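[1] coordinates for the following, if possible.
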Amino acid sequence: MSEIFDTIIIGAGLSGLQAALDLHSAKRSFLVLEARSRVGGKTKSVERTDGKGIQELGAAWLNDTNQSYVWEYAKRFGLTPVVQNTEGLVAAEDAHGICHMFPFGELPKFGEAVRSNIVTLRDEVERASLDPETFKEPMCDKLDGLSFEQYCTDLGAGPEALLTARVWSRGTLGQDPCDFSALAYLEVCRGVRLSHLFYTSLFASIHPGLQ
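    Reported below is the predicted structural model:
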C-alpha cells in the first residue's frame, strides 16, 4: 500500500526546503520531489579545480536588508560572509571575448552614445523603482504584463544596454530579462535600494557585453 502524506512539495530549492522545515515543525508528513540529483535549486557551490576555494555557480549575493530569512540561516549555521570588494579595477569579458579593465564604479570606455544609452536606462530603472506610483494600479498591472526585456526596449535601450540589463537580471534573479515581468524586477530594485552594493555592482560597473 502506498504511503500517504499530508503534503507533497515539488522542488527542493530554497522555497521547497523552507516549506519542508515548516511542515516538519508543524509535525506534518511530507514528501519532497526533486528532478535533480541535489537540493538547493539555483544555489550551488563547487570546489574550484585549482583548489583555491569555492566557486559559486548560482546565487552569490545576500544582504541583511531584504533577505532576512537567508541572513538568519547564515548566522545560525555559523557561516562567514565575504564582503564584496569595491576597490580597484573591474575585469569584464565582452561578447567578442575581449577583456576590459576599468575602475570599479564606472562604465567601460564605450562610445559616448552607447554610454549615454546605458546610463539613461540605469537611471530610469532606478527612478521607477523608487516611485511609489510604480507599485499602484494601474501602473503595476501594466508593468506586470510586460517582460523586463520589453520594458527596457520600450525605454529605448539599444543592443548594448539590453545586454547590460541581461547581466543585471542574471545577477539578481538568475534569469534572462525575457523570463520575468518588469514589475518583478522593479520590486527587487525597490527592496534593495538601501544596499549601496547592489547599485554599485550591478548598475554602475557591469559590462554590457558580458554573456
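[2] against C178, how distant is P103?
    31 Å (C-beta to C-beta, to the nearest Å). All C-beta spots, glycine's among them, are computed from the backbone N, C-alpha and C.
[3] nope, E3 is what I meant
    For E3, the distance to C178 - C-beta to C-beta - is 41 Å.
[4] next: G156.
    For G156, the distance to C178 - C-beta to C-beta - is 18 Å.
[5] would you verify that A92 is located in a helix?
    No: counting by DSSP: H, G, I helix; E, B strand; the rest coil, A92 falls outside a helix, being strand.
[6] that one - how many residues pack around it?
    Using other C-beta atoms under 10 Å, the number of residues around A92 comes to 18.
[7] quick check, it in contact with K109.
    No: A92 is not in contact with K109 according to C-beta atoms under 8 Å; the separation is 11.9 Å.
[8] list residues touching both of these two?
    Common contacts of A92 and K109 (C-beta atoms under 8 Å, 6 or more residues apart in numbering): 100, 102.
[9] after the helix or strand encompassing R166, next one along is what?
    Assigned by DSSP states H and E, R166 belongs to helix 159-173. As assigned by DSSP H and E, the chain's next helix or strand after helix 159-173 is helix 182-191.
[10] in this structure, which helix is the longest?
    The residue-count maximum for a helix in the chain (DSSP state H) belongs to helix 112-130.
[11] which strands or helices does that one pack on?
    helix 159-173, helix 182-191 (3 or more C-beta pairs under 8 Å, 6 or more residues apart in numbering; DSSP states H and E).
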